Each structure stands twice: as C-alpha cells, then as structure tokens.
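**Q** build the 3D model from these lines:
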Amino acid sequence: MRRAGGVAIAAALAVVAGCAAPVAPVSRDVPTPSAGATTATPSTTASPPPVSPTPTTCPVRVSTWSAWRLAGAVIMAPAQLENLSTAEPMVASGVGGIVLFGTPRGDVRAQLRQLHAAAGAWPLLVASDEEGGGIQRLAALTGALPWPRDLAAGGPDAVRAAAARMGRALRALTVRIDLAPVADLDAGPGPDATHPDGKRSFSADPQTATADVLAFARGLLDAGIVPVVKHFPGLGTATANTDASAASTAPLSSLQGRDLVPFAAAARAGLPAVMTSNAVVPGLSSLPVSLSAAATRLLRQTLGFRGAIITDSLSAHAITAAGYSLGSAAVQALSAGADAVIIGGGGADGAALARSVRASIVAAVASGRLSTARLREAVNRLAALMGTTTC
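**A** You can find the predicted model right below:
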C-alpha cells in the first residue's frame, strides 16, 4: 500500500466581481508576463495612494461583451489534427476553446500558433486527451506514456515525473490543457464500449488513486499545463460507457467515502479544473451529471471546489438518450453551473456545431432561461484558468 500523502498545489481559481485575477497562469509558447500590480515611483509631492487602484491593462473586457460573444467563449469545439487551419475561422469568430482529435499532420505547433493569433486577446483553450496508453492523441509528438494503471506501479513520484515530461512536450506545442488525470476508481477491463475506464484508472483503491491523481496533476502544473480531473463524481461503477449509451453509477450514498475521495482531495489541493461525467447518479439527480445543478452544488458547496467546471462531450449518446439536443444540453449545463461545454468529437464539423450551439445559448439568454451574469461568471473563470485578467 502506498501512502496517499497531501500535495500542496497553489492553483485555486479566484473569481471576483468586476475582475478575475489570474491564478496559476499557463504560458503560451512564450512566458506570459505577470499580471501583478506595478510599483509606483514615489512622488516628491507625496500624494496619497488611490483607494481602489485601476489595473493598467485589461486584455479581456468581459463586462462589455454581447451575449453572442459570451456564448462563443464558453464553447470548446472539436478541431481535427489532420488540418487545424480549418478551425481558424471558428476561433476568429470567438469560439473560446478547441479539443484536438485525429492524427497529427504537418507542423502542429505552427498551426496552433496561428489559431492562438486568430483568438486575439482571448487565451484560446487548446485541450487534448493525454491520459496515457490508448488515450493519447499527440503521442507521436510528445512521446508515449503508459496506461495510468501501469504507470501507477512506479508510485506517485514516477507518475509526477512522467506527467511533467509530457506536459513540457505539450507546452512546446502550445497545447494548454490536458483533459486528464482520470480520478475514477476501477480495476476491471476496458476501456471499451461497455467499460468507460479500465486501464484509464490508476487504481480501484481510493487512497492509491488519490495519490496518483494528485501526482499526475502536479506534474502537469510543474510544466505549466492545466490538468482537468475527471469524471466527477466517478465513473468506476458506471453501467456502460456514456459515449455509447445511457449509463448510471452506484447511488451517491455508495460513492461517498469511496469514489468521491480523489475529487475531494483535488478540491482541497486547489486543482484548477474538473470534468463532469455524463452518467446519472441515483440519489443525486435524474439528469446526467453534466446537466445537473445538484452535481454542481455537491462539487462547489460540499467539496469546496473553486475552479472551472468543464463538461464531458455533450454529443455523447447518454445526453441524447436523456432527451436533449446538443443546443439544449449546452444551455442546461451552463444553467446548472458548468463553465465550459465540450461539443462534438472525432470527425465532427466543429464550426457547424459551434454555430448551432452558440445560437441556442443566445436564444436562452434572450428568453431569460440563462442569465448574462451566469455566462460572464463562466467566462471569467475560463480566462482566470489561463492566467488572463478580465474586467
């Protein structure tokens, strides 16, 4: 048995009214200057300092954005690695993030730099699933990583070192977010159409998994990459893979004290982002977790999580099986407290999906179902996640 041990990670998000102060900034391909206040040169007239100093710069003025601009910023749409340039118009239109799919071709770094430039002042959220094993889209560029279950055999120090190595390779490509580590508890077969986790899980033991999840996340943070702990509140007991079908987990009462342990530790450690699952948790809500306000309350109020909440892909079969279109699911997720909605997947036309979902979000704002304040809160959290000041 390996000792879990606490991992002190100063990466908690802080979102305040009016401005979102960046915490644990993630560098682009060049280091981002500190957003801290400058020190004024003393004046011979000794005039008193202002009570509320105004920031000298504000790269992203969210307070002035229209509903259309806000709606775009909370969407993370698929971008195909075979030809990333096709995503440039979508990014230039204000879509806030992309998730990489497919097989890398050409100069991926150069193509991603073009997308960052197209995003302007907005810190484009470039994310990829780099868990290890068979879930590693950029392995040809970053180097292969073992499945988490196999990686765990070396202990937390080895896990952290491996994650840091991969994180440095991701940062060199200007990828900013790793949709990992998996914090689900599982020791069974998979992943496959029936089993969502399998070797994606470090362990079925809560303490072992917690130690490795925190170590993996810390390794990514060491390299300047944002880790996303998933799939809250745990998919280890899921009846099926939510990508392929509707699924439910064990009741919430069974998850407490076991499956929730790694997520509670992630919240205490101040990790910056969590991905919600698309399974239904009996005793929590009749909705998939990504669409559930009760799940958000559990994460924020009970566990004290302060970071960004990102949904699993709302294009999953589990979402449509619950009776939601992609647009209505995005609106429901944002209303429930999500800060970013992932849409689409491999082979999907990200631009077309983003336009449709964006229109649904704007219509929900116009009808009063979704508030502008909720969207601004989400956008502020996403900007802070990337170390960008908003006002």
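**Q** switch to C-alpha atoms for all contacts and neighbour counts from now on
**A** Fine.
**Q** list phi and psi for Ala340.
**A** Dihedral pair for Ala340: phi -140, psi 140, per degrees, to the nearest 10.
**Q** buried ones in stretch 120-137?
**A** 122-133, 135-137 (16 or more other CA atoms under 10 Å).
**Q** over to stretch 155-171?
**A** Going by neighbour count (16+ other CA under 10 Å), the buried part of stretch 155-171 is 156, 158-171.
**Q** who touches that stretch?
**A** The set of residues external to stretch 155-171 that reach it, using CA atoms under 8 Å, 6 or more residues apart in numbering, is 2, 27-29, 141-143, 145, 151-152, 176, 211-212, 215-225.
**Q** among those residues, which ones are in helices?
**A** 141-142, 151, 211-212, 215-222 (DSSP state H).
**Q** now the strands: where do they sit in the stretch 101-250 of the chain?
**A** Secondary structure of the stretch 101-250 of the chain, counting by DSSP state E, counting those that start in this stretch: strands at 125-128, 130-132, 135-136, 177-178, 226-227, 229-232.
**Q** oh sorry, the question was meant for the stretch 251-391 of the chain
**A** Using DSSP E, counting those that start in this stretch, strands in the stretch 251-391 of the chain cover 273-276, 308-311, 341-342.
**Q** picking that back up, any idea which of the ones in helices among the contacts of stretch 155-171 is closest to Arg297?
**A** Arg297 lies nearest to Ala217 out of the ones in helices among the contacts of stretch 155-171, by CA to CA, at 23.4 Å.
**Q** quick one: contacts for the closest one?
**A** Arg160, Ala163, Ala180, Pro181, Pro227, Val228, Val229, Leu271.
**Q** in a markdown table: the residues you listed, plus pLDDT.
**A** Below are the contacts of Ala217 laid out as a markdown table (pLDDT from 0 to 100):
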| residue | pLDDT |
| --- | --- |
| Arg160 | 98 |
| Ala163 | 98 |
| Ala180 | 98 |
| Pro181 | 98 |
| Pro227 | 98 |
| Val228 | 98 |
| Val229 | 98 |
| Leu271 | 98 |
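**Q** TSV for those residues, including distance to Leu255?
**A** Converted to TSV, those look like this (distance: CA to CA, whole Å):
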residue	distance to Leu255
Arg160	26
Ala163	27
Ala180	20
Pro181	19
Pro227	23
Val228	20
Val229	16
Leu271	21
